[in-house]
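Asker: could you look at this predicted model? Sequence included:
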Amino acid sequence: MKKIRIDGALSRRQWMGITASGLATGMVPFAGWADSRTSSTTTTRQTSTAALAVTGISGKKVVVVGAGMAGMTVSKYLRLWGGKGLEVTLVEPDLLYTSSIMSNLVLNGSRNITGLQFSRDALTKQYGVIRKSGTVAAVNPGAKTVTLSDGSSLPYDRLVLAPGVSFDDAYGLTQQDYDTRTPHAWRGGDQTTLLRQQITAMQDRDVFVMTIPKAPYRCPPGPYERACVVADHLKTTGHSNSQVVVLDENPFVQAERHTFETAFSGLHANVIRYIPNVTGLQIDPVTRAVTYVDASGGTQIVNAKVVNPIVPHRAAGSESGGWLAQAGLANSADGRWAMVNVLSYESTASGATGIHVIGDASSCGMPKAGHVANQEAKICADAIVRLMTGQQPDPQPVANSACYSPITASSASWLTAVYQYDPADKRMKVASNGGQTVINGVAATPTEAASVSQENFKDMGTWFTTLMKDVSA
């Protein structure tokens, strides 16, 4: 059975280089969402042209809900590693996958949404995944069925949920506000294009305000990356007297702290104003006035030209009355996330045997990010195949998290970490290359690039291409 491992002798910088060069395709990860909708429920069946493993599995059915990075990856590898006797049905309402990775570069015109869209056809044509267009209405763990919005029902032996996240109504804003005038653009698609249009319309001395919710949130370095990209764009288009105000509900930068604090105080010092420990956020969607309470307890108001509220989010379906909540699977203390056994990503909720949750919807100790979602999917696929062949999941899974962050239109940084299963806490934790999570009493930490460079920016493009080939080809 394929193991998701990284050679402990490799440095993290070497791993980033291997990933960028395309030599680690089989174990590399990512994330994304889609916005091209289908108008009816359809089922597509094809036979596989790939060489599938011979495992002895026969007559077993796995239903996968959600075809983002986690859902697509787990579907592909269940077929590759499970063999032709394992039927995999992928439920997703969207025809195309739209990547949120690299979508911040849409904001400065370096990329466009069309260039971030990918077909899911290879899952069917090459790997024999059955695709069914639709959305989930209910999960019945006792009957082992998934009911779709059209009333149809799918039986399963194992169910893999990769629904991604949904975004709360927050700060006085609604879903309609996000779609039409104050986009969070934290899912690649129409909101990204709308935010790009709003930024393009800014004039010198205008103010761009971005908010960051308390962790955990999707893509920890993403908001700070976005602030840098927008600041760089304003400067290079003759609007260097404009401001980018970052209102962070967290006490400090949540990822690549050295890189972004250096960028905020150095390269983009005259444009970016970073304000941590913000509370009491309120946004007027019409006037774009942003009210907040600062760390000293004072109430402040910023009048913005563009407001980009990255609002709190949760596992899709975990909202009150949602299908994930009704099935009892949103079982974190706050009811926002699905708790899982990270050896298999099987839900720890009562009565949820055979139900696995991967990607941003799960809580496992690793960050909510596309690269991580792909790693979780492979660990989950490996565990399911083992379980179906009378084995136990790998007791010591290892995963890698890696990402690049553009700082300007031509330079970037990177962040990487190795995660090791910690049997004491039953969570995934950052580990050293030797597999230790604690070294001389100090917890291991992720590694970020020593400097921002054009070489990193070039590697970022290769890295992205490699990731997308792994999940969609």
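Answerer: In hand now; what should we look at? Residues are numbered from 1 along each chain as shown.
Asker: surely Val139 meets Ile355?
Answerer: Yes. Under the criterion of CB atoms under 8 Å, Val139 makes contact with Ile355 at 7.3 Å. Placement of C-beta: from N, CA and C, glycine included.
Asker: overlap in contacts, those two.
Answerer: Counting by CB atoms under 8 Å, 6 or more residues apart in numbering, the contacts common to Val139 and Ile355 are Leu159, Leu161, Leu329.
Asker: out of the residues you listed, which sit inside strands?
Answerer: Under the assignment DSSP state E, the shared contacts of Val139 and Ile355 contribute Leu159, Leu161 to strands.
Asker: out of the shared contacts of Val139 and Ile355, the closest to Gly266 would be?
Answerer: Nearest to Gly266 among these, counting by CB to CB, is Leu161 at 43.1 Å.
Asker: the closest one - how many residues pack around it?
Answerer: 34 (other CB atoms under 10 Å).
Asker: and Asn104, which of the three is it?
Answerer: Following DSSP: H, G, I helix; E, B strand; the rest coil, Asn104 is assigned to helix.
Asker: give me the below-cutoff pLDDT ranges for the stretch 251-400 of the chain.
Answerer: Applying pLDDT under 70 to the stretch 251-400 of the chain flags no residue at all.
Asker: for it, which segments count as helices?
Answerer: For the stretch 251-400 of the chain, the helices defined by DSSP state H, counting those that start in this stretch occupy 257-265, 323-326, 370-388.
Asker: and what of the stretch 1-150 of the chain?
Answerer: Using DSSP H, counting those that start in this stretch, helices in the stretch 1-150 of the chain cover 12-21, 69-82, 121-125.
Asker: secondary structure element holding Trp169?
Answerer: Just so we're on the same page, residue 169 is Asp rather than Trp. Using DSSP states H and E, Asp169 sits in no helix or strand.
Asker: where's it relative to Ala412, distance?
Answerer: With the distance defined as CB to CB, to the nearest Å, Asp169 ends up 34 Å from Ala412.
Asker: before we move on, back to that, between the shared contacts of Val139 and Ile355, which is nearest Gly66?
Answerer: Taking those together and measuring to Gly66 by CB to CB, the closest member is Leu161, at 6.8 Å.
Asker: can you pull the pLDDT of the closest one?
Answerer: In this prediction, Leu161 carries a pLDDT score of 98.
Asker: re the thing from before, can I get the shared contacts of Val139 and Ile355 in JSON lines including distance to Asn104?
Answerer: As requested, those are exported to JSON lines (distance: CB to CB, whole Å):
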{"residue": "Leu159", "distance to Asn104": "33"}
{"residue": "Leu161", "distance to Asn104": "28"}
{"residue": "Leu329", "distance to Asn104": "31"}
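Asker: list just the nearest of the shared contacts of Val139 and Ile355 to Thr259.
Answerer: Leu161 (33.8 Å).
Asker: who touches the closest one in this structure?
Answerer: Going by CB under 8 Å, 6+ apart, the list of residues near Leu161 reads Val65, Gly66, Val139, Leu324, Leu329, Ala338, Ile355, His356, Val357, Ile358, Ala361.
Asker: mind redoing it with 6 Å?
Answerer: Val65, Val357 (CB atoms under 6 Å, 6 or more residues apart in numbering).
Asker: just Ala263 next, same as before
Answerer: Ala263 neighbours (CB under 6 Å, 6+ apart): Cys228, Ile407.
Asker: per-domain residue ranges of this protein.
Answerer: Domains of the chain are assigned by automatic domain parsing as 12-166+314-468, 169-311.
Asker: so what sits opposite Phe167 in the bridge?
Answerer: Beta-bridge partners for Phe167, by DSSP bridges, are His313.
Asker: and the gap between it and Arg336?
Answerer: For Phe167, the distance to Arg336 - CB to CB - is 12 Å.
Asker: then Phe464?
Answerer: For Phe464, the distance to Arg336 - CB to CB - is 29 Å.
Asker: ok, longest strand in this structure?
Answerer: Longest strand in the chain, counting by DSSP E: strand 412-422.
Asker: and the next helix or strand past it?
Answerer: Heading C-terminal from strand 412-422 (DSSP H and E), you reach strand 427-431.
Asker: what lies in contact with that next one?
Answerer: Under CB under 6 Å, 6+ apart, the answer for strand 427-431 is 342, 364-366, 417-422, 437, 444, 446.
Asker: of these, closest to His184?
Answerer: When the contacts of strand 427-431 are compared for distance to His184 (CB to CB), Met366 comes out closest, at 22.7 Å.
Asker: my guess is the closest one meets Tyr419, correct?
Answerer: Yes. At 5.4 Å, Met366 counts as touching Tyr419 under the criterion of CB atoms under 6 Å.
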